[in-house]
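Q: Have a look; sequence and predicted model below, questions after that.
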Amino acid sequence: MPFRPLHCQYGKFIIHQRYILVIMMQLALLNAYHLRSVINIAITEMSRHKNDSRKVDSCPEFHYEPVAVKGETFEWSDNKESLILSAFYIGYVFGNIPGGWLADKLGARHVMGCSMVLSAILNAFTPSPSTNSGPLYPSISAFLQCWIPRHERGFLGGVAFGGANLGTLVGSVCTVWYVFYLFMVFSKPKTHPFISDKEHDYLKEELEEHKKVFKVPWLKIICSPAVWALLAGQWAHNFIYFTLFTTLPKYMKEILKLNVKSNAFFSSVPFFTLWIFAIFFAWLADEVTNRDWLSLAVARKLYTFVGGLIPAICILMTVYVRCNRAAAIAFYTIGVTLLAPFFSGMKINVNDITRHYAGTIMAVVNGLGATAAILGTTMVGQIVTEVNGSVLADRRVDAKDLRRSTTYCVQRRLYNSAS
C-alpha cells in the first residue's frame, strides 16, 4: 500500500478525487478572472472624456441613461484607458515561467494556492496581482499531467479551463476557496490522504511517474515545432479573447449607449454561454476520440480551428449591423460562445506533447501568448483615438487584426502535434 500521510481508513471520499480537483481548478479560474474583470467595467465609469467636437456619435438615436456611481472620476483619453487595462498583462507575462517551473519541480498544490491568495490580497493594487496570477494556468497543466488520464483529459481539462469564463459573472470567494483547497487538493495521487486504493491504482497504471531528477530541457522546448504551433494558437486566441474581455464594456457604453447596470449584464452573458458550451465541447472531445471517430491530433486541430475562425467572423459581423443593438449583442454572444472548443483543443494539447514538463511548457506558451493581450488592448486605444470612437474604429479592430490573428492561428496550428 503506498504511503499517504493523514490517511484514515474511514475518511475516504466516495467521489473520485480527480473530479474534486477539476472542480477546485475551475473555481480557481473563476476567482482569478473575477479579480481581473472588475476593472473592465469600472473603468467605463471612472473615466470622463473632455468634450470633443470631433468625436463621432455613431448611433445618435440611442440615449445614454446614467446610473449614479460614487467615487472620483478621471479625465482619461481612450489611449490612456487602454494602457491602464493592458498594464495587468505586463506583470502577468513574467509570472508564468517561474510558476510553471516550480509547479513541475515541487508540485502544483502550493504554487496555485499561493498564487490565488496573493492575488486576492493585492487586488487593490493594479497591476500588482498580475504577476501573482501568472502561475495559475501552468499549475493547472501540471495538475492535469499528474492526475488526469489521457482518455479523460479532453472533458476534465476542458471543464477546468472553462472556469475562467464564469469569472465575469460570479463574484470572487477566494478566501473561502483557499480553505477548502488546502484540505482537498494535493499535487499527486500518492500524497492525497483521502484517495481510495482503487482510484490510486487506476491512476498509477494510467499515468507515468515523474522523474526523480527534474531538469528542464529548455533548448528542446524552444526548438520544438509543436511548442511554436501552440504559441501561435495561444497568441491568436488571446488577441481575440482579451481584446473582447477588456474592451467589450467600452463598446457597450460608447457605441450602444448602455449604462453600467445593463453593460455589466450584457458583457457577462456571452461569457456565461461560453462556459456552458466549453463543458459541452469538452465532453464531445473525449467522445469523438475514445470512439475512434477522430484521431487525437485531428480533434485538437479541428477544435482550435473552429474556436478561432468562426468567432472572428461573428465578431466581424457585429460592427456591420451598425446601430442594431439586438443584432450586435447576438453576434457578440455567438462569437464569444464559439470560442469554447479552444479550451479542449489547444489548452489540453500542452499535456499531449509532454509527459513531464506540462507546467513549464504551458508557462512558456501562456506567458508569451499574453503579449497579445498587451498589444490588443493598447492597439484598440490608439485606433479609437485616431477615428474618434466611431463604428469605423471597431471595424478596423475587428476586420483587420482579428482576421489577421485568426489566419495566423489556423496556419500555425496545422503544424501541431498530439504526441
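A: Perfect, thanks for sending it.
Q: my guess is Thr354 is in a helix, correct?
A: No - assessed with DSSP: H, G, I helix; E, B strand; the rest coil, Thr354 is coil; it does not lie in a helix.
Q: I'd like to know how many residues surround the nearest residue to it once chain neighbours are set aside.
A: Nearest residue to Thr354, sequence neighbours excluded (C-beta to C-beta, 6 or more residues apart in numbering): Ile361, at 5.6 Å. For glycine as for every other residue, the C-beta is placed from the backbone atoms N, C-alpha and C. Here the count is done by other C-beta atoms under 10 Å, and Ile361 has 27 residues near it.
Q: my read: Ile361 touches Ile353, true?
A: Yes - under the contact definition of C-beta atoms under 8 Å, Ile361 touches Ile353, with a separation of 7.3 Å.
Q: Now do the shared contacts for these two.
A: Contact criterion C-beta atoms under 8 Å, 6 or more residues apart in numbering; residues bridging Ile361 and Ile353 by contacting each: 227, 230.
Q: how about the helices in the stretch 201-350 of the chain?
A: For the stretch 201-350 of the chain, the helices defined by DSSP state H, counting those that start in this stretch cover 218-223, 225-254, 260-290, 296-318, 325-337, 346-352.
Q: Indicate which one of the ones you listed is closest to Leu207.
A: Nearest of the helices of the stretch 201-350 of the chain to Leu207, taken as C-beta to C-beta: helix 346-352 at 10.7 Å.
Q: hmm, back to that, can you lay out the helices of the stretch 201-350 of the chain as JSON lines showing mean pLDDT?
A: Conversion of those to JSON lines gives the following (pLDDT from 0 to 100):
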{"stretch": "helix 218-223", "mean pLDDT": "91"}
{"stretch": "helix 225-254", "mean pLDDT": "79"}
{"stretch": "helix 260-290", "mean pLDDT": "85"}
{"stretch": "helix 296-318", "mean pLDDT": "82"}
{"stretch": "helix 325-337", "mean pLDDT": "86"}
{"stretch": "helix 346-352", "mean pLDDT": "86"}
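Q: Single out the most deeply packed of those helices.
A: A comparison of these by mean neighbour count, using mean count of other C-beta atoms under 10 Å, puts helix 346-352 on top with a mean of 27.
Q: Check which helices and strands that helix is in contact with.
A: Using 3 or more C-beta pairs under 8 Å, 6 or more residues apart in numbering; DSSP states H and E as the contact definition, the elements that helix 346-352 packs against are helix 136-147, helix 153-162, helix 225-254, helix 296-318, helix 358-369.
Q: Tell me which of those helices sits nearest to Glu199.
A: Evaluated with C-beta to C-beta, those place helix 136-147 nearest to Glu199, the distance being 10.0 Å.
Q: Please find the angle between the direction vectors of the closest one and helix 225-254.
A: Using axes from the mean of the first three to the mean of the last three C-alpha atoms, to 10 degrees, the interaxial angle of helix 136-147 with respect to helix 225-254 works out to 130 degrees.
Q: got the angle for helix 136-147 vs helix 358-369?
A: Orientation note: helix 136-147 sits at an angle of 160 degrees relative to helix 358-369 (the same axes, to 10 degrees).
Q: what angle do helix 136-147 and helix 153-162 make?
A: Angular relation of helix 136-147 and helix 153-162 on a 0 to 180 degree scale: 150 degrees, by the same axes, to 10 degrees.
Q: returning to that earlier point: check contacts around the residue nearest to Thr354.
A: Listed by C-beta under 8 Å, 6+ apart, the contact partners of Ile361 are 100, 141, 221, 227, 230, 350, 353-354.
Q: between these, which is nearest Val185?
A: Taking C-beta to C-beta as the measure, Ser141 is the one of the contacts of Ile361 closest to Val185, at 14.9 Å.
Q: Might you report the residue contacts of that closest one?
A: Contacts here follow C-beta under 8 Å, 6+ apart; on that basis Ser141 touches 100, 103, 350-351, 358-359, 361-362.
Q: hmm, 6 Å instead?
A: Under the criterion of C-beta atoms under 6 Å, 6 or more residues apart in numbering, the contact partners of Ser141 comprise 350, 358-359, 362.
Q: Please apply the same query to Pro311.
A: Pro311 makes contact with 335, 338-339 under the criterion C-beta under 6 Å, 6+ apart.
Q: where are the low-confidence patches of the stretch 1-150 of the chain?
A: In the predicted model of the stretch 1-150 of the chain, residues 1-14, 37-38, 40-41, 44-45, 47-72, 123-131 satisfy pLDDT under 70.
Q: Show me the residue at the heart of the chain, geometrically.
A: With the centre of the chain defined as its mean C-alpha position, the nearest residue by C-alpha atoms, centre = their mean is Ala164, 5.4 Å away.
Q: what pLDDT does that residue get?
A: Predicted confidence (pLDDT) for Ala164: 78.
Q: Quick check: the two most widely separated of the contacts of Ser141?
A: With C-beta to C-beta as the measure, no two of the contacts of Ser141 lie farther apart than Val350 and Gly359, at 9.0 Å.
Q: Can you give me the distance of the nearest residue in space to Trp293 that is not next to it in sequence to Asp197?
A: Nearest residue to Trp293, sequence neighbours excluded (C-beta to C-beta, 6+ apart): Glu287, at 7.8 Å. From Glu287 over to Asp197 the distance is 29 Å, taken as C-beta to C-beta, to the nearest Å.
Q: Over to Ala326?
A: Counting by C-beta to C-beta, the separation of Ala326 from Asp197 is 56 Å.
Q: Return the closest of the contacts of Ser141 with respect to Ala32.
A: Using C-beta to C-beta, Met362 is the member of the contacts of Ser141 that sits closest to Ala32, with 14.8 Å.
Q: That closest one: what's it in contact with?
A: The neighbourhood of Met362, defined by C-beta under 6 Å, 6+ apart, consists of 100, 137-138, 141, 350.
Q: what about 10 Å?
A: By C-beta atoms under 10 Å, 6 or more residues apart in numbering, Met362 lies in contact with 96-97, 99-100, 103-104, 135-142, 144-145, 230, 234, 347, 350-351, 354, 369.
Q: I figured Leu339 hits Tyr241, correct?
A: Yes - between Leu339 and Tyr241 there is a contact under C-beta atoms under 10 Å: 6.3 Å.
Q: Overlap of the contact sets of the two?
A: Common contacts of Leu339 and Tyr241 (C-beta under 10 Å, 6+ apart): 165, 271, 274, 307, 311.
Q: Reformat these into CSV and put distance to Lys215 next to each item.
A: As requested, the shared contacts of Leu339 and Tyr241 are arranged in CSV below (distance: C-beta to C-beta, whole Å):
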residue, distance to Lys215
Asn165, 36
Phe271, 39
Leu274, 38
Gly307, 34
Pro311, 39
